[in-house]
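Asker: The sequence and its predicted three-dimensional model are supplied below.
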Amino acid sequence: MNNRLKKILDLISPSAFCLDIGCDHALLDIELVKRGNKKVIASDNKEGPLSKALENIKKAKLEDKITLTLKDGLASYQEGVDTVIISGMGGLQILKILKEKKEVLKKIDTLILSPNNYVPLVRKEVSKLGFSITDEYLIQEKNIIYTILKFEKGKKKLSKQDILLGPVLRKRQDKIFIEQLEREKRGREVLLKMLPKSLWQKRRQTKKELKWIIEEQKRSQRKK
Ligand SMILES: C[S@@+](CC[C@H](N)C(=O)[O-])C[C@H]1O[C@@H](n2cnc3c(N)ncnc32)[C@H](O)[C@@H]1O
C-alpha cells in the first residue's frame with residue numbers, strides 16, 4: 001500500500017463496518033481486515049477493477065471477510081455500515097455519489113474522503129450534508145499532494161479560510177502544509193498574470209484567496 005492508503009487506514013476505527021466505494025484493487029480493504037476490522041464491503045462500478053480485487057482477496061484468503069459488489073456509488077450500502085470510504089476519485093464525482101443518496105448518509109457516522117481535486121468544494125458541500133471535519137492530512141506521493149478528509153456526524157462552522165485551506169491543517173501547521181501554502185500562493189500569482197480582465201469575477205476570487213494564503217503564511221511565521 002502507498003502512504004496515501006496507509007493514512008486512510010490509520011483514520012479508520014478498527015471496530016468500524018466499512019464500505020469502500022471505488023475499491024479498485026481492494027488493497028485497502030485487505031489491510032483493514034488484516035488489522036482487525038471484522039467486515040468490509042468493497043465495491044466498484046466496473047468489472048475490470050472488481051476482478052483484480054477478487055484475485056487479491058483470494059490470494060489473501062479473505063473471501064469470507066470481504067464482500068465484493070458491482071454497484072454504482074452508495075447503491076452498495078448494506079444495513080450496519082457505519083463508515084464510507086471514497087478515495088482516488090474527482091471531488092465532483094464524490095459529491096455526486098453522496099448527494100444521490102442522502103437517505104443513506106443519515107445512517108453513516110464517518111466518511112473518509114480523498115478527492116483528487118475540488119478539495120475546498122468537498123469540504124464545503126459535505127459540511128452542508130450534516131458532517132464536520134474531525135481530521136485531515138496532506139500526503140505526498142511522488143510529485144502529487146493528496147488530501148485525506150475525515151468527516152464525522154455533526155455541525156461545526158467553517159470560515160472561508162477553513163474551507164480553502166482546511167480547519168485541522170490550519171491548526172496543526174505540518175511542514176507539508178507550509179510547503180503547500182507556498183505552492184498555492186505561487187499557483188494563484190501565475191493565474192492572476194494569465195487571467196484576462198474580462199474574467200473579473202474569477203480574478204476577484206483568486207485575489208481574495210491569495211490574500212488569505214498570505215495571511216495564513218504570516219500566521220504560521222508568528223506561530224514558529
Ligand atoms: C483511481 S481508482 C481509486 C482506487 C482506490 N480507492 C484508491 O484510492 O487507490 C477509482 C475507482 O473508482 C471506481 N469508480 C468510479 N466511479 C464510481 C462509482 N460511481 N461507483 C463505484 N465505483 C466507482 C473506478 O472504477 C475505479 O476503480
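Answerer: Good, I have the coordinates. Numbering: from 1, shown residues only.

Asker: quick one: contacts for the closest residue to Lys39 other than its chain neighbours?
Answerer: Leaving aside its chain neighbours, Lys39 sits nearest to Phe17 (5.4 Å; criterion: C-beta to C-beta, 6 or more residues apart in numbering). The C-beta positions use only the backbone N, C-alpha and C, and glycine is treated the same way. Contacts for Phe17 (C-beta atoms under 8 Å, 6 or more residues apart in numbering) come out as 37-40, 80-83.

Asker: buried residues in stretch 10-25?
Answerer: For stretch 10-25, the neighbour count (16 or more other C-beta atoms under 10 Å) marks 11-12, 16-25 as buried.

Asker: Quick check: which of the residues you listed are also close to the ligand?
Answerer: By C-beta under 6 Å from any ligand atom, the members of the buried residues of stretch 10-25 lying near the ligand are 21-24.

Asker: If any of the contacts of Phe17 are buried, put those into a ChimeraX selection.
Answerer: To isolate the buried subset of the contacts of Phe17 in ChimeraX, counting by 16+ other C-beta under 10 Å, use the following:
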select :37,39,40,81,83
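
Asker: Report how many residues lie close to Lys211.
Answerer: Lys211 is flanked by 12 other residues according to other C-beta atoms under 10 Å.

Asker: where does it land on pLDDT?
Answerer: pLDDT recorded at Lys211 is 97.

Asker: ditto for Gln221
Answerer: Confidence score, pLDDT, at Gln221: 86.

Asker: Can you pull the residues of this protein lying near the ligand?
Answerer: With C-beta under 6 Å from any ligand atom as the criterion, the chain meets the ligand at residues 5, 21-24, 43-46, 49, 72-73, 87-89, 93, 97.

Asker: Just the ones of these in strands?
Answerer: Per DSSP state E, strands hold the following members of the residues of the chain next to the ligand: 21, 43-44, 87-89.

Asker: per-domain residue ranges of the protein.
Answerer: Domain assignment for the chain by automatic domain parsing gives 3-157, 176-223.

Asker: Enumerate every residue touching the spatially closest residue to Leu62 that is not a sequence neighbour.
Answerer: Distances taken as C-beta to C-beta, 6+ apart place Val33 nearest to Leu62, at 5.3 Å, with adjacent residues excluded. By C-beta under 8 Å, 6+ apart, Val33 lies in contact with 40, 62, 65-66.

Asker: Any buried residues in stretch 60-77, and which?
Answerer: Going by neighbour count (16+ other C-beta under 10 Å), the buried part of stretch 60-77 is 60, 62, 65-69, 73-74, 76-77.
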